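Colleague: need coordinates for the below:
(chains A and B)
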2 protein chains.
Amino acid sequence: MLICSGFTQALSLITQALPRPVVAIEDPGLPGREAVIAAAGGTHLPIPVDTEGARVDALAAGHAHAVVVTPAHHFPLGVAMAPGRRERLLAWAAGNGRLIVEDDYDAEFRYDRQPLGALHGLAPDHVAYVGTTSKTLSPALRLAWIVLPPHLVGPVCDAKQHHDVASGIVEQLALARLIESGVYERHLRRLRRLYRHRRDTLLAALHRHLPSARVTGAAAGLHLMLALPGNADPQRVADIAARDGLALTPLDRYRLHAPAPGGAQLVLGYGNIAAAAIPEAAQRLRRAVVAAGRD
Amino acid sequence: MLICSGFTQALSLITQALPRPVVAIEDPGLPGREAVIAAAGGTHLPIPVDTEGARVDALAAGHAHAVVVTPAHHFPLGVAMAPGRRERLLAWAAGNGRLIVEDDYDAEFRYDRQPLGALHGLAPDHVAYVGTTSKTLSPALRLAWIVLPPHLVGPVCDAKQHHDVASGIVEQLALARLIESGVYERHLRRLRRLYRHRRDTLLAALHRHLPSARVTGAAAGLHLMLALPGNADPQRVADIAARDGLALTPLDRYRLHAPAPGGAQLVLGYGNIAAAAIPEAAQRLRRAVVAAGRD
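Modeller: Numbers count the residues shown, from 1 in each chain, chains lettered A, B, ... in the order given. The predicted structure follows:
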């Protein structure tokens, strides 16, 4: 396992360790991955995502050397990769000597279902597993870890050595002490209760104020997807809400390609809002949706 | 100014920001720079160093786009770049649109002379100045700063963004508080006294136990150069001393090219040894020199 400075560095180092690779990435997904891959000497290839996760058929039809996926809880759609899809993804990697980069960015936060096993455990020779403290402690820490297939340990460690030698030792020692003392596990239990309560509060508030909006992807993590009722334009709703002091992100912000029609969705994060403020935020959201529909 | 994770990352980011550059580096110098430059897409070009610093004539004869120098206190030879040499170096950069990377790794530790002004102050459009907390606090912090020519601010910040987004925010806040409170300056004054005392103790012990060995480069920093008397082989001295519990580094370890004959020198660091232990260490060094000469 290599300690590195966040998921971005993990993706950069893995890309550097492969010879000018084509790296497939989920579309929609975390913004900025394509620039990270390009800066590390690779090329990105967008792969669509549906309700069963990343489309492995699209991946198999391409020529990628590696794929970056969020199989446990897609970012931002919130779907878990279906069992058959997981099997086909692993078969793609094993059959072609390809690499799966498993971005398990919010593994610690599962509410309504058992945590899925990591892909890495099923195919450790073909999966690079990346975990992070960005959601559990803070992105300011810049701490992540990569569990690598054996053949990539040397190249990725070399890339790290040649880029910045090591990540901050003080944080690593502090995190080790947090884990060994049991404080980290207690902290996670507290966070799970906290975020579950926020999510439940948000679901109840949306049900009350926007009963015709459809919620998906709420079983885990720190965000959910909201499909707007009618023909509301998410960007217009976000613009109106911004003037009312509410920051909203349309799903399209996370897309590499032009969106499919009819996908009017917002990504609602609850990692950074107090539960007590959620009902008022839902009312503002309702006002913005109504105002956007009126124009 | 960009905060980054140590001098190694500074060199990597600057190299990445230039289009596949040839980067000249001092020979001898800090080990590993050539691998950092290669990993960032550049090629290195060794430049010899003499008693006036890096040989600008050799630089001018080559085709480098950038040069990495330690003008205030060469590592490891300890020489300060002569005024005429500094002028010619700046003229080389200005006349050709080239970049000087000024590695001011131990700027805080000057004992017998006034600190030299940084090259950066004389030519801010052609010099990227790199400072670090690796010597003043700890290399474990992974904190450095780059003051960049204006045209490189965007490309280097992009390279940072695409590699690891940011360096650890906790350390940055802690360092800012140390500086603002005056504690950092007091810490530096204490360190200067401490290291000066160690250096003086080492000079006295060498004078007593190895009066025919010649010391150079002792006016600054955390190490000095020791030219061994007679024909002693530094590697042999180091091997014998290692069996006696004393770690020594021959100068040749820092060379990219085969050494010139007659340069039998050791690099003696005193950053990591208590003053009270120095006389005993000097006696072990003497025993190793005597034993190496006897075989």
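
Colleague: wait, what's in contact with the residue sitting nearest the centre point of chain A?
Modeller: In chain A, the centroid-proximal residue (C-alpha atoms, centre = their mean) is A:Phe75; its distance is 3.5 Å. Contacts of A:Phe75 were listed using C-beta atoms under 8 Å, 6 or more residues apart in numbering or on different chains, and they are A:26, A:29-30, A:103, A:105-106, A:221, A:254. Every C-beta, even on glycine, is put in place using the N, C-alpha and C of the backbone.

Colleague: between those residues, which sits nearest A:His126?
Modeller: Nearest to A:His126 among these is A:Asp103, at 15.3 Å by C-beta to C-beta.

Colleague: thinking that closest one is in contact with A:Thr70, fair?
Modeller: Yes: with contact defined as C-beta atoms under 8 Å, A:Asp103 and A:Thr70 form a contacting pair (5.0 Å).

Colleague: for the helix or strand hosting A:Leu152, what is the distance to the chain centroid?
Modeller: Following DSSP states H and E, one finds A:Leu152 within helix A:150-163. The chain centroid and the centroid of helix A:150-163 are separated by 24 Å under C-alpha atoms, centre = their mean, to the nearest Å.

Colleague: for that helix, name the packing helices and strands.
Modeller: strand A:2-4, helix A:6-17, helix B:6-17, helix B:33-39 (3 or more C-beta pairs under 8 Å, 6 or more residues apart in numbering or on different chains; DSSP states H and E).

Colleague: mind checking how far A:Ala292 is from chain B?
Modeller: 33 Å (C-beta to the nearest C-beta, to the nearest Å).

Colleague: how many neighbours does that residue have?
Modeller: 21 (other C-beta atoms under 10 Å in any protein chain shown).

Colleague: how about A:Arg113?
Modeller: Going by other C-beta under 10 Å, the residues that sit close to A:Arg113 add up to 10.

Colleague: with A:Leu99 instead?
Modeller: 25.

Colleague: what does A:Arg196 give?
Modeller: Neighbours of A:Arg196 using other C-beta under 10 Å come to 14.

Colleague: where exactly do the helices run in the stretch 51-200 of chain A?
Modeller: A:56-61, A:83-96, A:119-122, A:150-163, A:169-180, A:183-209 (DSSP state H, counting those that start in this stretch).

Colleague: give me the pLDDT for A:Ala260.
Modeller: With respect to pLDDT, A:Ala260 has a value of 65.

Colleague: try A:Gly117
Modeller: Value for A:Gly117, per-residue pLDDT: 88.

Colleague: and for the one 5 residues further on?
Modeller: According to the prediction, A:Leu122 has pLDDT 96.

Colleague: give the contact list for the nearest residue to it once chain neighbours are set aside.
Modeller: Distances taken as C-beta to C-beta, 6 or more residues apart in numbering or on different chains put A:Leu90 closest to A:Leu122, at 6.0 Å, once the chain neighbours are dropped. A:Leu90 makes contact with A:100, A:119, A:122-123, A:126-127 under the criterion C-beta under 8 Å, 6+ apart.

Colleague: mind redoing it with 7 Å?
Modeller: A:119, A:122-123, A:126 (C-beta atoms under 7 Å, 6 or more residues apart in numbering or on different chains).

Colleague: kindly report the same for A:Val36.
Modeller: A:8, A:11-12, B:162.

Colleague: same question for A:Lys135.
Modeller: A:Lys135 neighbours (C-beta under 7 Å, 6+ apart): A:105-106, A:108, A:222.

Colleague: is it true that A:Val79 touches A:Arg55?
Modeller: No: taking C-beta atoms under 7 Å as the definition, A:Val79 is not a contact partner of A:Arg55, at 11.7 Å.

Colleague: ok, those two, which is more surrounded?
Modeller: More crowded of A:Val79 and A:Arg55, by other C-beta under 10 Å: A:Val79, with 20 against 17.

Colleague: if I look at the more buried one, how far off is A:Ile179?
Modeller: With distances taken as C-beta to C-beta, to the nearest Å, A:Val79 is found 30 Å from A:Ile179.

Colleague: hang on, the earlier thing: mind checking which of the contacts of A:Leu90 are buried?
Modeller: Buried members of the contacts of A:Leu90, counted by 16 or more other C-beta atoms under 10 Å in any protein chain shown: A:119, A:123, A:126.

Colleague: need those in a markdown table (columns: distance to A:Val237).
Modeller: Below are those laid out as a markdown table (distance: C-beta to C-beta, whole Å):
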| residue | distance to A:Val237 |
| --- | --- |
| A:Leu119 | 36 |
| A:Ala123 | 42 |
| A:His126 | 42 |
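
Colleague: so what sits opposite the closest residue to A:Gln172 other than its chain neighbours in the bridge?
Modeller: Nearest residue to A:Gln172, sequence neighbours excluded (C-beta to C-beta, 6+ apart): A:Ile3, at 5.8 Å. In this entry, A:Ile3 is beta-bridged to A:Trp145, by DSSP bridges.

Colleague: from B:Ala166, how far out is A:Ile3?
Modeller: 16 Å.

Colleague: go on, A:Lys160?
Modeller: 17 Å.

Colleague: which of these two has more residues huddled nearby?
Modeller: A:Lys160 (24 against 18).

Colleague: how about that one, nearest residue that isn't a chain neighbour?
Modeller: A:Leu13 (5.6 Å).

Colleague: can you check what pLDDT the model gives the closest residue to A:Tyr270 other than its chain neighbours?
Modeller: Leaving aside its sequence neighbours, A:Tyr270 sits nearest to A:Arg198 (C-beta to C-beta, 6+ apart; 4.4 Å). Per-residue confidence for A:Arg198 comes out at a pLDDT of 98.

Colleague: no more questions from me, cheers.
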